[in-house]
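*Asks:* kindly return the folded structure for what I paste below:
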Amino acid sequence: MPLAFLPPVLALLLFLQTAPSRPAGADLQALAAEYEAPAATREQRLWLVPRIAALGTEEARDYLIDRFLDGTDRGVKRALFQELVRVFSPLPARLTRQSRSDADPYVRAATLEALIAQAPGEAVERARDVLAYDEDPRVRRRAIRFLGGRGDAENARLVFETCARLGLDDQREAISSLSALAPAVFAQAIAASPFWEDPQADGALRLLGTLILAERAEREHGRRLSALAGENDPLVAFAAGLGLDRIEGRGRGVAVERALAKARDPDERCRILTVASRAGISDPGLTRVLAEELLHRDWRVRAAAAEALGGAAAEQAVAPLVARLQDEKVWQVRVACFDALGRSRRVEAIDFLIGTLDGLAGRERRAARQALARLSGCDAGESAEAWRQWRADHASGFEPPPPAAAEWTDLDPLADKYAFYGIEVDSNRVVFVLDVSGSMAGEKLLVLKKELGNVIERLPEAALFNMIFFESEVRPWRERMEHLTRKNRIAALDAVRYLEANGGTNLWGAMQTALADERTDSIYLLSDGQPTVGEIIALPVICARLAEQNRHQRVAIHVVLIAYESQVLERLAVESGGSYVERG
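*Replies:* Below is the predicted model of the structure:
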């Protein structure tokens with residue numbers, strides 16, 4: 001019977017039954033042709049990735065792996081890896097071998113997640129490697145959560161010893177993970193290990209051990225905490241006091257208030273607030289004390305108090321942070337308040353941040369946008385109107401994502417921005433610290449002149465700007481940052497045009513000169529080798545000193561290395577909120 005005389009639905013069914021089936025390989029070929037088309041956009045490839053994965057064949061899997069391994073677009077690579085993990089399990093060894101050292105920290109963390117699900121034994125070794133070698137704090141925190149939750153004393157002790165040397169958020173993660181261990185494991189790993197309680201032991205290790213003991217705060221540890229509370233080290237004594245207050249049922253704010261009353265100067269006050277932040281305490285009494293510190297006359301104390309409020313992530317923290325932002329003039333404190341609001345996980349913080357976005361510029365605007373991205377789990381860009389539209393679409397029932405998910409909400413690059421060696425320049429108070437030692441001669445110096453000239457031509461006139469050239473000597477273009485008036489712009493371009501390379505590498509002196517201008521909020525450091533001259537030459541010591549000096553100054557340090565790599569410089573960049581790139 002001709003199909004024309006059948007009912008439409010029956011005709012369709014008959015056609016599907018009798019039509020020759022299309023082999024999966026043909027589907028893959030068609031989708032692959034679309035993916036590889038020269039005119040294919042990023043959005044088209046993102047749309048195609050799940051459709052190729054849905055084929056579910058080995059050929060589709062291998063095709064996606066190949067595209068991941070030769071890919072360069074971060075967003076597309078993440079989509080490829082997500083689909084490989086979602087559809088194909090277990091992941092082939094050739095993928096995990098490559099992805100564990102991928103340049104994108106998200107991929108490295110996702111590789112660890114896949115190993116945790118598929119091969120826990122292999123994941124333990126991988127997590128140990130992460131703690132030893134990976135400089136991205138988000139990847140380290142995932143390794144800490146995994147190893148800390150394994151329930152064995154060996155891994156718990158490894159986390160404990162490693163985290164004493166790491167950043168604030170890593171230490172918060174360690175305190176949370178280790179204090180939740182089963183009593184027997186905890187006793188073996190931390191509580192019954194006397195090495196860290198020795199007054200001669202490393203101060204950071206002793207402080208972290210005391211904080212973990214204080215977070216556990218079981219009555220059986222009261223005697224040990226009492227002994228630690230009598231320590232000469234005021235921070236160890238303060239941390240022990242937090243635990244004793246918890247055992248006795250007193251609010252944590254009591255110990256903080258007591259310690260602040262004994263503080264001899266603003267520096268000691270900042271250290272106490274940093275310990276409170278590290279403990280991640282959420283307590284109404286502490287929130288009140290920290291809110292009072294937001295009014296302190298020293299801006300460093302106000303910034304430390306804001307950071308501590310962010311660590312507490314308490315419901316009551318939003319109001320004092322918003323009130324501080326209404327009157328605060330110091331950009332470091334404002335950035336600290338925006339960061340704390342981003343950690344608050346409170347919906348009312350979203351509405352406030354959207355309302356302030358249009359009136360901000362430079363680092364402050366980026367900090368507010370980053371806070372919105374953490375609270376929302378997405379990035380709607382720099383436009384307040386786009387964020388208002390997002391808020392309208394999520395007007396009811398929205399809950400901010402958990403911290404572990406929020407930290408992977410990276411900001412998308414903006415199309416109208418300009419870059420220095422691929423790093424977006426989003427500051428209007430910027431200093432470029434540039435290595436012009438003898439090894440930079442030739443092609444390296446030519447590329448530097450082109451990159452820097454492009455930025456100078458595009459920076460707005462209102463921007464404050466300086467350049468610090470260093471070889472054996474340190475030669476600032478200006479004593480302090482200056483506005484890029486027409487005259488200054490021409491002078492800056494001339495200075496770049498006539499640069500010559502010679503001498504050694506005085507990195508320490510150059511960075512000290514850059515940080516001496518308190519108005520600086522972003523530094524772009526370029527170098528092609530190890531320091532060779534200056535007051536300090538050892539690079540790990542330089543980076544440790546700079547990190548300590550910059551704790552409250554909050555300058556974003558972006559690092560560009562030419563034909564050279566450095567884990568300690570990468571860590572300095574990441575922990576300051578900057579970016580790190582290597583160029584051949």
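*Asks:* now do the SS call for residue 351.
*Replies:* Secondary structure, DSSP: H, G, I helix; E, B strand; the rest coil: residue 351 is helix.
*Asks:* wait, doesn't it sit right on residue 391?
*Replies:* Yes. In this structure, residue 351 is within contact of residue 391 by CB atoms under 8 Å, at 7.1 Å. Placement of C-beta: from N, CA and C, glycine included.
*Asks:* more neighbours: which of these two?
*Replies:* Remark: of residue 351 and residue 391, residue 391 carries more neighbours, 17 against 12, as counted by other CB atoms under 10 Å.
*Asks:* quick one: low-confidence parts of the stretch 351-500 of the chain?
*Replies:* 404-417 (pLDDT under 70).
*Asks:* how far away is residue 120 from residue 163?
*Replies:* Distance from residue 120 to residue 163, counting by CB to CB, to the nearest Å: 21 Å.
*Asks:* next one: residue 236
*Replies:* For residue 236 relative to residue 163 (CB to CB), the value is 16 Å.
*Asks:* strands of this structure, start to end?
*Replies:* 419-420, 423-424, 429-435, 464-470, 474-476, 482-483, 522-527, 556-562, 580-583 (DSSP state E).
*Asks:* ok now stretch 141-156, how far from the chain's centre?
*Replies:* Here stretch 141-156 shows a centroid-to-chain-centroid distance of 21 Å under the convention CA atoms, centre = their mean, to the nearest Å.
*Asks:* for stretch 65-81, the averaged confidence score.
*Replies:* The average of the pLDDT scores along stretch 65-81 is 84.
*Asks:* which intervals of the stretch 201-350 of the chain have sub-threshold pLDDT?
*Replies:* Low-confidence segments of the stretch 201-350 of the chain (pLDDT under 70): 201-203, 252, 279-283, 312-314.
*Asks:* ok, 80 please
*Replies:* The model of the stretch 201-350 of the chain has pLDDT under 80 over residues 201-209, 211, 213-218, 220-221, 230-234, 246, 249-255, 276-286, 311-315.
*Asks:* residue 236 and residue 163: which is more packed in?
*Replies:* Set side by side, residue 236 and residue 163 show more neighbours around residue 163, with 26 against 22, by other CB under 10 Å.
*Asks:* state the distance from the more buried one to residue 115.
*Replies:* 21 Å.
*Asks:* equivalent analysis for residue 353, please.
*Replies:* 37 Å.
*Asks:* what segments of the stretch 51-200 of the chain are helices?
*Replies:* 58-69, 74-87, 93-99, 105-118, 120-133, 137-148, 153-163, 168-179, 183-186 (DSSP state H, counting those that start in this stretch).
*Asks:* adding distance to residue 428, write those out as TSV.
*Replies:* Formatted as TSV, these follow (distance: least, CB to CB, whole Å):
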stretch	distance to residue 428
helix 58-69	38
helix 74-87	26
helix 93-99	37
helix 105-118	28
helix 120-133	36
helix 137-148	27
helix 153-163	36
helix 168-179	27
helix 183-186	49
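*Asks:* confidence-wise, which of those is weakest overall?
*Replies:* Of all the helices of the stretch 51-200 of the chain, mean pLDDT reaches its minimum on helix 183-186 (a mean of 73).
*Asks:* ok, residues contacting that one?
*Replies:* Residues outside helix 183-186 that contact it (CB atoms under 8 Å, 6 or more residues apart in numbering): 151-153, 156, 178-179, 216, 218.
*Asks:* go again with 10 Å.
*Replies:* Applying CB atoms under 10 Å, 6 or more residues apart in numbering, the contact partners of helix 183-186 are 150-157, 178-180, 191-192, 212-213, 216, 218, 220-221.
*Asks:* of those residues, keep whichever come out buried.
*Replies:* 150, 153, 155-157, 178-179, 191, 212-213, 216, 221 (16 or more other CB atoms under 10 Å).
*Asks:* what about residue 315, how many residues nearby?
*Replies:* 14.
*Asks:* residue 174: how many residues sit nearby?
*Replies:* Residue 174 is flanked by 28 other residues according to other CB under 10 Å.
*Asks:* so who does the closest residue in space to it that isn't next to it in sequence touch?
*Replies:* Nearest residue to residue 174, sequence neighbours excluded (CB to CB, 6 or more residues apart in numbering): residue 163, at 3.8 Å. If a contact means CB under 10 Å, 6+ apart, then residue 163 has 131, 140-141, 144, 148, 170-175, 177-178, 204-205, 208, 212 as its contacts.
*Asks:* could you pull out the helices for the stretch 251-400 of the chain?
*Replies:* 252-262, 266-279, 284-293, 299-312, 318-327, 331-343, 347-356, 362-376, 384-393.
*Asks:* pipe these into a markdown table and attach distance to residue 243 per row.
*Replies:* Conversion of the helices of the stretch 251-400 of the chain to a markdown table gives the following (distance: least, CB to CB, whole Å):
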| stretch | distance to residue 243 |
| --- | --- |
| helix 252-262 | 9 |
| helix 266-279 | 10 |
| helix 284-293 | 14 |
| helix 299-312 | 17 |
| helix 318-327 | 26 |
| helix 331-343 | 24 |
| helix 347-356 | 30 |
| helix 362-376 | 30 |
| helix 384-393 | 41 |
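*Asks:* out of these, which is closest to residue 444?
*Replies:* Across these, the minimum distance to residue 444, taken as CB to CB, is reached by helix 362-376, at 28.7 Å.
*Asks:* name the helices or strands packed onto that closest one?
*Replies:* Other elements packing on helix 362-376 under the criterion 3 or more CB pairs under 10 Å, 6 or more residues apart in numbering; DSSP states H and E are helix 331-343, helix 347-356, helix 384-393, helix 403-406, strand 429-435, strand 522-527, strand 556-562.
*Asks:* format these as TSV; extra columns: distance to residue 231.
*Replies:* Formatted as TSV, the helices and strands packed on helix 362-376 follow (distance: least, CB to CB, whole Å):
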stretch	distance to residue 231
helix 331-343	29
helix 347-356	37
helix 384-393	48
helix 403-406	31
strand 429-435	40
strand 522-527	37
strand 556-562	34
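*Asks:* and the ones you listed: which comes nearest residue 273?
*Replies:* helix 331-343 (10.9 Å).
*Asks:* now the angle between helix 347-356 and that closest one, please.
*Replies:* Inter-element angle recorded for helix 331-343 and helix 347-356: 140 degrees (by axes from the mean of the first three to the mean of the last three CA atoms, to 10 degrees).
*Asks:* quick one: contacts for the nearest residue to residue 259 once chain neighbours are set aside?
*Replies:* Excluding its sequence neighbours, the residue lying closest to residue 259 (CB to CB, 6+ apart) is residue 238, at 4.3 Å. Going by CB under 10 Å, 6+ apart, residue 238 touches 207, 210-211, 214, 228-229, 231, 255-256, 258-260, 262-263, 271-272, 275-276, 279.
*Asks:* what subset of the residues you listed is buried?
*Replies:* Applying 16+ other CB under 10 Å to those, the neighbour count classes 207, 210-211, 214, 228-229, 231, 255-256, 259-260, 263, 271-272, 275-276, 279 as buried.
*Asks:* wait, residue 47 sits on residue 34?
*Replies:* Yes. In this structure, residue 47 is within contact of residue 34 by CB atoms under 10 Å, at 9.3 Å.
*Asks:* what is in contact with the two at once?
*Replies:* Counting by CB under 10 Å, 6+ apart, the shared contacts of residue 47 and residue 34 are residue 40.
*Asks:* residue 428 contacts residue 520, correct?
*Replies:* No. Counting by CB under 10 Å, residue 428 stays clear of residue 520, with 11.2 Å between them.
*Asks:* okay, and the common contacts of those two?
*Replies:* Residues touching both residue 428 and residue 520 (CB under 10 Å, 6+ apart) are residue 464.
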